[in-house]
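**Student:** Next comes the sequence, and after it the predicted model I'd like to discuss.
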Amino acid sequence: MARITPLLWLLFSAGGTVAALLFPVHVFLTGVAVPLGWLEAPRYDAIHRIAAHPLVRLYVFVLISLPLFHWAHRFRYTLYDGLQLKHLTALIAVLCYGAALLGTAVAGYLLWTFAP
Amino acid sequence: MSAGPVYTPYHPRWYRRRVSVWWWLRRRSYAWFVLRELTSVFVAFFAIILLWQVRAVASGPEAYERFLGRLGTPLLLAIDAVAFLFVLVHAITWFNLTPKAMAVRLGGRRVPDWAILGSNYAAWLVLSAAVAFVLLRG
């Protein structure tokens, strides 16, 4: 564990930066403005064409994966400190980083097999 | 005098006060800390929404329409609205921490905090506009 701690910390801070820079606009557009009818949803062929671009798929992969690792790291320590679960260190770490790895794998699979 | 120290067979126990699980409600600064840490839950929530969006777009027009319909249901709309507030808190607290987390030096002189903060917020604005432009242009 100690050996990969710097890597986990790097993923945490990279994911925090990606989430800070890009999540507010995505949540606002996709989650709030479009469902409320303030803005029109992108038409299917348009969003499909955008997503088919390799660079956009790379962007979406980073957009999903890094923030998941950010969550895993932060949530793990919140459980330790907030709920005083220090004795479950290993289990919580496996669950948190495992979930982030799983999300990354699903994102990679979906974006890799995306039919243009 | 005895030859050596006498040990009892019992292990000494330190007096340690139990801290309540709700310790973070005692002070506003503690509560704010936990609130900031919990922004990550909404970050993960929206990462899953993004995954769902990718799957919908990959699956075809009907799946995409279903996805849009589900996002309009009151429950998801409410969670997304709360998630928006939480990711805003995350973004602002994150940007405000960066000058403290890293000291950038240029030409042997430390870059002032306001310059780092300013470039963060400028990058945020530019990237948000770019994402909105690409997503809504179609």
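**Tutor:** Done, it's in.
**Student:** Longest helix in the chain, please.
**Tutor:** Picked chain A for this. Across chain A, the helix with the greatest residue count (assigned by DSSP state H) is helix A:54-82.
**Student:** ah, no, chain B please
**Tutor:** In chain B, with assignment by DSSP H, the single longest helix is helix B:28-59.
**Student:** Please enumerate residues in contact with the lowest-mean-pLDDT helix or strand in chain B?
**Tutor:** Sorting the helices and strands of chain B by mean pLDDT, DSSP states H and E puts strand B:105-106 at the bottom, at a mean of 81. Contacts made with strand B:105-106 from outside it, assessed by Cβ atoms under 8 Å, 6 or more residues apart in numbering or on different chains, are listed as residue B:111. Quick note: C-beta positions are derived from backbone N, CA and C, even for glycine.
**Student:** Just after it, pick out the following helix or strand.
**Tutor:** Proceeding N to C from strand B:105-106, the next assigned helix or strand is strand B:109-110, under DSSP states H and E.
**Student:** what's that following strand in contact with?
**Tutor:** B:103, B:104.
**Student:** neighbouring strands for that strand, and are they parallel or not?
**Tutor:** strand B:105-106 (antiparallel) (DSSP bridges).
**Student:** Pretty sure residue B:123 sits against residue A:21.
**Tutor:** Yes. Counting by Cβ atoms under 8 Å, residue A:21 is a contact partner of residue B:123 at 6.3 Å.
**Student:** quick one, which of the two is more surrounded?
**Tutor:** residue A:21 (21 against 14; other Cβ atoms under 10 Å in any protein chain shown).
**Student:** For the more buried one, give me the pLDDT.
**Tutor:** Residue A:21 carries a pLDDT value of 97.
**Student:** Then residue A:86?
**Tutor:** pLDDT, residue A:86: 76.
**Student:** What's the separation between it and residue B:60?
**Tutor:** For residue A:86, the distance to residue B:60 (Cβ to Cβ, to the nearest Å) stands at 48 Å.
**Student:** quick one: low-confidence parts of the chain?
**Tutor:** This is for chain A. A:1-2 (pLDDT under 70).
**Student:** please go with chain B instead
**Tutor:** In chain B (pLDDT under 70), the answer is B:1-2, B:8-9, B:11-14, B:138.
**Student:** Tell me where chain A has helices.
**Tutor:** Using DSSP H, helices in chain A cover A:5-26, A:44-52, A:54-82, A:89-112.
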